[in-house]
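*Asks:* When you get a sec, could you give me coordinates for this:
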Amino acid sequence: MILLRDALRQMEQLDERKEPVPFNLVFYTKDGERVELRQVVLSRKVKALPRHQRQVGSAAKPSHRQRARINVLIPQSEQIRSVHTRLIVEFNSQDVAW
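*Replies:* Alright, predicted model coming up:
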């Protein structure tokens, strides 16, 4: 088991080349759909993305900060997905607790 705050810190990690470290994530949507994402990274950590796609939180959308959301990049499809942090149930195969 991992605390949500520790999982969020690990999502921020960079490797020795200053590239974001990929992670696996399982969360539920507001509609109750279970979503599993493999080898994703925080979009704001990807320097190759245009600046407007990297921004998150109050700089991009005030609602993200108020609702505790993160944006993750799915490298395989180059899709950016918004995730409500309180709906994350697994991080790197570990159950998430508050």
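*Asks:* Next, find the distance separating the residue nearest to H84 when sequence neighbours are not counted from L87.
*Replies:* Sequence neighbours aside, R69 is the residue nearest to H84 in space, at 5.5 Å (criterion: CB to CB, 6 or more residues apart in numbering). In short, each C-beta sits where N, CA and C put it, glycine included. Using CB to CB, to the nearest Å, we find R69 at a distance of 10 Å from L87.
*Asks:* for R17, same thing?
*Replies:* To L87, R17 is 31 Å away according to CB to CB.
*Asks:* other SSEs contacting the longest strand belonging to the chain?
*Replies:* Longest strand in the chain, counting residues (DSSP state E): strand 34-42. If you count contacts as 3 or more CB pairs under 8 Å, 6 or more residues apart in numbering; DSSP states H and E, strand 34-42 packs onto strand 23-28, strand 69-74.
*Asks:* Mean neighbour count, those strands: which tops it?
*Replies:* Most buried of these, by mean neighbour count (mean count of other CB atoms under 10 Å): strand 69-74, with a mean of 20.
*Asks:* Name every strand pairing with that one and say which way it goes.
*Replies:* strand 34-42 (antiparallel), strand 79-84 (antiparallel) (DSSP bridges).
*Asks:* mind showing which ranges of the protein have poor pLDDT?
*Replies:* Judged by pLDDT under 70, the chain has its weakly predicted residues at 45-67.
*Asks:* So what sits opposite the spatially most central residue of it in the bridge?
*Replies:* Nearest residue to the geometric centre of the chain (CA atoms, centre = their mean): V72, 4.2 Å. Note on V72: beta-bridge partners L42, R81, judged by DSSP bridges.
*Asks:* Who are the contact partners of it?
*Replies:* Each residue near V72 by CB atoms under 8 Å, 6 or more residues apart in numbering is listed here: L25, L37, V40, V41, L42, S43, I80, R81, V83.
*Asks:* Tell me the one among those nearest to N92.
*Replies:* Minimum distance to N92 across the contacts of V72 is 8.2 Å, recorded for L25 (CB to CB).
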